[in-house]
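Here's my sequence, what's the structure:
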Amino acid sequence: MSYQSINPYDGKTLKTFEEISDKQLETAIATAAACFEVWRKKSYAERAVVVAKAAKLMHERVEEFARPVTLEMGKLIAQARGEVVLSADIIAYYAKHAEAFLAPEKLTPSSGTAEIQSSPFGVLFGVEPWNFPYYQLARFAAPNLMAGNVVMVKHAGCVPQCAIAFEKLWLDAGAPAGAYTNLLISYDQVNRVIDDPRIKGVALTGSVEAGKTVAGRAGQNLKKSTMELGGSDAFIVLEDADLDKTVQWAVWGKMNNTGQCCVAAKRFIVVEALADRFLDKFQTALAALKPGDPMDAATTLGPLSTESALIKLEAQVKNAVAKGATLVMGGKRINRSGAFMEPTILTDIKPHNPAFREEFFGPVALFFRVKNEEEAIALANDSEFGLGGSVFTKDIERGKRVASRIDTGMVFVNHPTWTTPDLPFGGVKNSGYGRELSSMGIQEFVNKKLVRVDSIDAPA
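Reported below is the predicted structural model:
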């Protein structure tokens, strides 16, 4: 594969990078393995000095880190800055809380004493996507470095400058060589890394097909893995929802990062009583978005990450319409330079239509009208995905009851699915397994070892 920075706003190639050789890869893995033997022996306080410094540097250099995000994958500059701050917050969160999260857990056996101790696995390998070039890295690297592991990352081919900047961050923060390693490697080399006995765990955020491949390879090697594989989040609107506020959240939930988000609102499920009014207001709000340079603060509609992403999404919409869906608005690329797609709404999507099951990764909303709450829940659960979801209602207790019946890893009431350092992130079904962030995220790649102490008396 190639590593290229191509600005999706104008299609210009900014920079290209060569893949490393097999010899360079071997040196990198050897360096990481040697680093682990030193890093694991450091105290939480010693590791926290480095990790907290990395967070501090990101907070101080927001603009420096944000610009490559916008230039490489087209994120609106204000959102890119927000991602940098969120990533720094995640890193700082684990520097502060890791020791408490991994403190020995006292047990109460019938005799003697016992506790569960947490110890690091070793060298971990992450395969990460382009849509949040720092956030995806921060939520993998920060907890695992604080746990005493070291990490190696193969980032997406379209954001190499972001990948290199994040590796440099750790070196600038004082991390030893091998603690965090960016790998510009081919798909064949990915398999080689997973197969290497020095690699002790594998994490991936990406597509279902990528997850099957990487998880399968890890499984063949009996290695622990975590998978975050995207979703088709339901955005349920009940008849007692505050319509104006709900529409505002619908636009945010759909169009954040130009819809290129695993927890973007993708299926809008609205009860009949509000369906027509919601659709009218939603369409009006989407139509008001202005395409332009994502570096310009006035732009409200950025490009998709790549030309290929645009071509795929346009083909999905065309196929959905050919199979019976109604195109309410949009559906085509915008007639201008760059990878711009019109905000799009599809409705009348029946179960036989491929669109009913697919994930649309971009500014395409699927609209469904239902009779009541029961139909909304049933439709929300009729999906192979199970990442996030949201419920909008003025009755909080009702919202919680509905949320408890949605088969996903996360459900928000009166807010689209989102992320913060202290909330666990992950899904079920084809959305993967394992959790990142919060106290749960640091537990995935540590050995939970039982230490039992009893009297020395021999059995009778």
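
domain parsing for this protein?
Using automatic domain parsing, the domain ranges for the chain come out as 3-229+431-451, 233-413.

Of these, which is nearest Pro421?
Taking C-beta to C-beta, domain 3-229+431-451 is the member of the domains of the chain nearest to Pro421, at 3.8 Å. Any C-beta I mention is one placed from the backbone N, CA and C, and that applies to glycine too.

give the contact list for the residue nearest the centre of the chain.
By C-alpha atoms, centre = their mean, the chain has its centre lying nearest to Gln136, at 5.6 Å. Residues counted as contacts of Gln136 (C-beta atoms under 8 Å, 6 or more residues apart in numbering) are Glu128, Pro129, Thr205.

now swap in Glu272 and tell me
Residues near Glu272 by C-beta under 8 Å, 6+ apart: Arg369, Val370, Lys371, Asn372.

Need phi/psi at it.
When read as degrees, to the nearest 10, the backbone of Glu272 gives phi -50, psi -40.

Next: the one 4 residues further on.
In this entry, Asp276 is assigned phi and psi values of phi -70, psi -40 (degrees, to the nearest 10).

What does the pLDDT read for it?
pLDDT for Asp276: 98.

Equivalent analysis for Ala458, please.
You'll see Ala458 listed with a pLDDT of 69.

and if you look at Met1?
Met1 carries a pLDDT value of 57.

Okay, helices next: where are they in this structure?
Under the criterion DSSP state H, helices of the chain are mapped to 22-39, 44-60, 62-73, 77-101, 135-147, 160-172, 187-195, 208-220, 243-255, 272-287, 307-322, 373-381, 396-404, 438-441.

Identify the residues contacting the shortest one?
In this structure, residues lying in contact with helix 438-441 by C-beta under 8 Å, 6+ apart are His97, Phe101, Arg139, Pro143, Pro421, Asp422, Leu423, Pro424, Phe425, Arg435.

How about the contacts made by the fifth one?
This points to Pro421. Residues near Pro421 by C-beta under 8 Å, 6+ apart: Leu86, Asp89, Ile90, Tyr93, Tyr94, Leu437, Ser438.

Return the distance of the residue nearest to the fourth one when sequence neighbours are not counted relative to Asp195.
If I follow you right, that is Tyr93. Closest residue to Tyr93 in three dimensions, ignoring its sequence neighbours and counting by C-beta to C-beta, 6 or more residues apart in numbering: Pro421, at 3.8 Å. Look at Pro421 and Asp195: by C-beta to C-beta, to the nearest Å, they are 33 Å apart.

about what we covered before: is it possible to get CSV of the domains of the chain that adds distance to Pro459?
Listed next are the domains of the chain as CSV, based on distance: least, C-beta to C-beta, whole Å:
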stretch, distance to Pro459
domain 3-229+431-451, 13
domain 233-413, 47
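
which one of those domains lies closest to Asp457?
Asp457 sits nearest to domain 3-229+431-451 of all those, at 10.3 Å, using C-beta to C-beta.

how long is that closest one end to end?
47 Å (C-alpha to C-alpha, to the nearest Å).

try stretch 178-191
Separation of the first and last residues of stretch 178-191 by C-alpha to C-alpha is 20 Å.

List the buried residues in it.
Under the neighbour-count criterion of 16 or more other C-beta atoms under 10 Å, stretch 178-191 has Gly178, Ala179, Tyr180, Thr181, Asn182, Leu183, Leu184, Ile185, Ser186, Gln189, Val190 buried.

pLDDT at the fifth one, what is it?
I take that to be Asn182. 98.

can you pull up the bridge partners for it?
Counting by DSSP bridges, Asn182 is bridged to Val153.

what residues are up against it?
With contact set as C-beta under 8 Å, 6+ apart, Asn182 has these partners: Val153, His155, Ala163, Ile164, Phe166, Glu167.

State the pair within the residues you listed that is farthest apart.
Spatially, the most separated pair among those is Val153 and Ile164, at 11.0 Å (C-beta to C-beta).

Those two: which has the busier surroundings?
Comparing Val153 with Ile164 by other C-beta atoms under 10 Å, the one with more neighbours is Val153, at 21 against 17.

and the closest residue to Pro109 other than its chain neighbours, how many neighbours does it have?
Distance criterion C-beta to C-beta, 6+ apart; nearest residue to Pro109, sequence neighbours excluded, is Arg452 at 6.9 Å. Arg452: 11 surrounding residues under other C-beta under 10 Å.

Equivalent analysis for the one 5 residues further on, please.
As a burial measure, the neighbour count of Asp457 was computed by other C-beta under 10 Å and equals 6.

likewise Ser337?
By other C-beta under 10 Å, the residues close to Ser337 number 11.

ok, now how distant is the closest residue to Lys323 other than its chain neighbours from Phe278?
Leaving out its chain neighbours, the residue that sits closest to Lys323 by C-beta to C-beta, 6+ apart is Asn353, at 4.4 Å. Counting by C-beta to C-beta, the gap from Asn353 to Phe278 is 21 Å.

try Glu436
Going from Glu436 to Phe278 by C-beta to C-beta gives 32 Å.

now do Arg452
For Arg452, the distance to Phe278 (C-beta to C-beta) stands at 59 Å.

likewise Leu243?
Counting by C-beta to C-beta, the gap from Leu243 to Phe278 is 6 Å.

now the helices of the chain in a markdown table, with distance to Phe235?
Shown next, in a markdown table, are those (distance: least, C-beta to C-beta, whole Å):
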| stretch | distance to Phe235 |
| --- | --- |
| helix 22-39 | 42 |
| helix 44-60 | 31 |
| helix 62-73 | 24 |
| helix 77-101 | 19 |
| helix 135-147 | 22 |
| helix 160-172 | 29 |
| helix 187-195 | 35 |
| helix 208-220 | 21 |
| helix 243-255 | 6 |
| helix 272-287 | 10 |
| helix 307-322 | 18 |
| helix 373-381 | 9 |
| helix 396-404 | 12 |
| helix 438-441 | 23 |
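
Can you tell me which of these is packed in deepest?
Most buried of these, by mean neighbour count (mean count of other C-beta atoms under 10 Å): helix 135-147, with a mean of 27.

what angle separates that helix from helix 160-172?
20 degrees (axes from the mean of the first three to the mean of the last three C-alpha atoms, to 10 degrees).

average pLDDT across helix 135-147?
Helix 135-147 shows a mean pLDDT of 98.

how big is the angle separating it from helix 44-60?
Relative orientation of helix 135-147 and helix 44-60, computed by the same axes, to 10 degrees: 160 degrees.

quick check: angle from helix 135-147 to helix 77-101?
20 degrees.

CA-only coordinates of helix 135-147 in CSV, if you can.
This file holds the C-alpha atoms of helix 135-147, laid out as CSV (Å, rounded to 0.1, in the frame of the first residue of the first chain):
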residue,chain,number,x,y,z
TYR,A,135,-8.2,10.3,19.0
GLN,A,136,-8.0,6.7,17.7
LEU,A,137,-4.4,6.6,18.6
ALA,A,138,-4.8,8.3,22.0
ARG,A,139,-7.4,5.9,23.3
PHE,A,140,-5.2,2.9,22.4
ALA,A,141,-1.8,4.3,23.4
ALA,A,142,-2.5,6.2,26.6
PRO,A,143,-4.0,3.5,28.8
ASN,A,144,-1.6,0.8,27.5
LEU,A,145,1.5,2.9,28.1
MET,A,146,0.3,3.7,31.6
ALA,A,147,-0.3,0.0,32.2
